[in-house]
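*Asks:* kindly return the folded structure for what I paste below:
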Amino acid sequence: MMSNRKVFSDLLKVTQSMEADLGLSALTQTDKQVLASVVLITEDGRRDAFLDDIRTHSLVDTIPTPSLYRSFKILIEKGMVQKVGS
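*Replies:* As a prediction, the model looks like this:
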């Protein structure tokens, strides 16, 4: 039987491999969390996400607002998310 530590380690290894495959390795952990929350909220781009929904998502609810906005800026500049509205 595999230990929880081994399962965690294997998941982390797979996650890092996926990040490299998707071109996400250069992003900060905060950027990745913000991107993941947007993808989950928008159902991978099938609907819009509102700022309040993103801010309160469990993946980002502890990120300070300036860091959250910095990540938005980076993700928009890289074309990973789109700003809708004003």
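*Asks:* how many residues are close by the closest residue in space to residue 19 that isn't next to it in sequence?
*Replies:* Counting by CB to CB, 6 or more residues apart in numbering, residue 19 lies nearest to residue 25, which is 5.1 Å off, once chain neighbours are set aside. C-betas here are computed from N, CA, C, even on glycine. Neighbours of residue 25 under the rule other CB atoms under 10 Å: 12.
*Asks:* quick one: distance of the top helix by length along the chain to the chain centre.
*Replies:* Ranked by number of residues, the top helix in the chain under DSSP state H is helix 4-21. Helix 4-21 sits 16 Å away from the centroid of its parent chain (CA atoms, centre = their mean, to the nearest Å).
*Asks:* pull the residues that contact it.
*Replies:* Counting by CB atoms under 8 Å, 6 or more residues apart in numbering, the neighbours of helix 4-21 from elsewhere in the structure are 25, 27, 32.
*Asks:* kindly recompute the last result at 10 Å.
*Replies:* Taking contacts as CB atoms under 10 Å, 6 or more residues apart in numbering, the residues outside helix 4-21 that touch it are 2, 3, 24, 25, 26, 27, 32.
*Asks:* what's the angle between the helix or strand following it and helix 4-21?
*Replies:* Proceeding N to C from helix 4-21, the next assigned helix or strand is helix 29-41, under DSSP states H and E. Between the axes of helix 29-41 and helix 4-21, defined by axes from the mean of the first three to the mean of the last three CA atoms, to 10 degrees, the angle is 90 degrees.
*Asks:* returning to that earlier point: for the residue nearest to residue 19, give me its contacts.
*Replies:* With contacts taken as CB under 10 Å, 6+ apart, residue 25 has the following neighbours: 16, 17, 18, 19, 32.
*Asks:* low-scoring stretches of the protein, by residue?
*Replies:* Where the chain drops to pLDDT under 70, the residues are 86.
*Asks:* ok so, going back, need the contacts of residue 25 in CSV (columns: distance to residue 66).
*Replies:* Compiled in CSV, these are given as follows (distance: CB to CB, whole Å):
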residue, distance to residue 66
16, 27
17, 31
18, 28
19, 24
32, 17
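*Asks:* please spell out the ChimeraX selection for the buried subset of those residues.
*Replies:* Here is the ChimeraX selection string for the buried members of the contacts of residue 25, based on 16 or more other CB atoms under 10 Å:
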select :32
